[in-house]
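Novice: starting from these lines, generate the structure:
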Amino acid sequence: MPPRSTAAHPLQPTQPARPDALYTDPRLAACYDTFDGERDDLDHYRAILGEHGARSVLDVGCGTGSLATSLALEGLAVTGVDPARASLEIARAKPGGDAVTWVHGTAEELPTLEADAAVMTGNVAQVFVTDEAWAGALQAIRRTLRDGGVLVFESRRPERRAWEEWAADTAESEHEVQGIGRVRTRQVGFEMALPLVTFADEFRFEDGTTLTSSSTLRWRNEAELRSTLDDAGFAVSEIREAPDRPGREFVVIARAV
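Specialist: Residues are numbered from 1 along each chain as shown. As a prediction, this is how the structure comes out:
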């Protein structure tokens, strides 16, 4: 996932999360995997799922399906859910995409799956900016899991104050996207109202088209994560470091009880 990412702007604490243009606009969605780069962050998710012997997995906020399709190619039964239709279209076309059950919507709209595990990679857990939205997502995920199933997700550590690095990053970057051409990106907006951080990025295409995608993320500390998981029917088994970003993120492993 890009260094920041997800949700929509403007989002205030009373509004539900919704996917931003980076995921919903077909032209930006087609660029996403190039913007994203090598998904080294997914290796530890696959390893954790292997540790727990998961054979059926729900990928919440699956986006363009990088993890979901790779798990399906390994023989797992995978359901990927995402509210961004354009991203799901990219996911369906990938190798392994025909073996995944794709759901356009949210976790709240899923039936009981009795899945062994659920995952939220990247910044997905932080797009739920209200207490109500976060609680609703956790409760919905709990309903999809069998008793004893595991939920694995990451959330950035507030004490690392990653938003300070983001605010200072005003450099323009350029990506060559197959079938699209050269795309230039730069940050065009930044707002901090902790625990929320909102940022906007501009994308300029060779034909002169300019698109802007804005996102809001919420930071939760360890105590808040543990409390909200407990309320939703989970028991935290372990909190690890993200191997590719040590000291920067919580990698939470919680069991459905």
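
Novice: could you list the low-pLDDT ranges of the protein?
Specialist: 1-19 (pLDDT under 70).

Novice: give me the most central residue, it.
Specialist: With distances taken as C-alpha atoms, centre = their mean, Val124 lies nearest the centre of the chain, 2.9 Å away.

Novice: what sits against the residue lying closest to it once chain neighbours are set aside?
Specialist: Distances taken as C-beta to C-beta, 6 or more residues apart in numbering place Gly61 nearest to Val124, at 3.6 Å, with adjacent residues excluded. Backbone N, C-alpha and C define where each C-beta goes, glycine included. Residues in contact with Gly61, defined by C-beta atoms under 8 Å, 6 or more residues apart in numbering, are Thr6, Val81, Asp82, Met120, Thr121, Gly122, Val124, Val127.

Novice: go again using 10 Å as the cut-off
Specialist: Contacts for Gly61 were tallied using C-beta atoms under 10 Å, 6 or more residues apart in numbering; they are 1, 6, 17, 19, 23, 80-84, 87, 106-107, 119-125, 127-128, 137, 153.

Novice: and if you look at Val78?
Specialist: Under the criterion of C-beta under 10 Å, 6+ apart, the contact partners of Val78 comprise 55-59, 62, 65, 67-72, 96, 99-102, 115, 119.

Novice: pairing partners for the helix or strand it falls within, with directions?
Specialist: Counting by DSSP states H and E, the element that carries Val78 is strand 77-82. With DSSP bridges as the test, strand 77-82 is paired with strand 56-60 (parallel), strand 101-104 (parallel).

Novice: tabulate the ones you listed (JSON lines), appending mean neighbour count and distance to Arg39.
Specialist: As requested, those are arranged in JSON lines below (neighbours: other C-beta atoms under 10 Å; distance: least, C-beta to C-beta, whole Å):
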{"stretch": "strand 56-60", "mean neighbour count": "25", "distance to Arg39": "13"}
{"stretch": "strand 101-104", "mean neighbour count": "17", "distance to Arg39": "19"}
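
Novice: and of those, who's closest to Leu145?
Specialist: Ranking the strands paired with strand 77-82 by proximity to Leu145 (C-beta to C-beta) places strand 56-60 first, at 7.6 Å.
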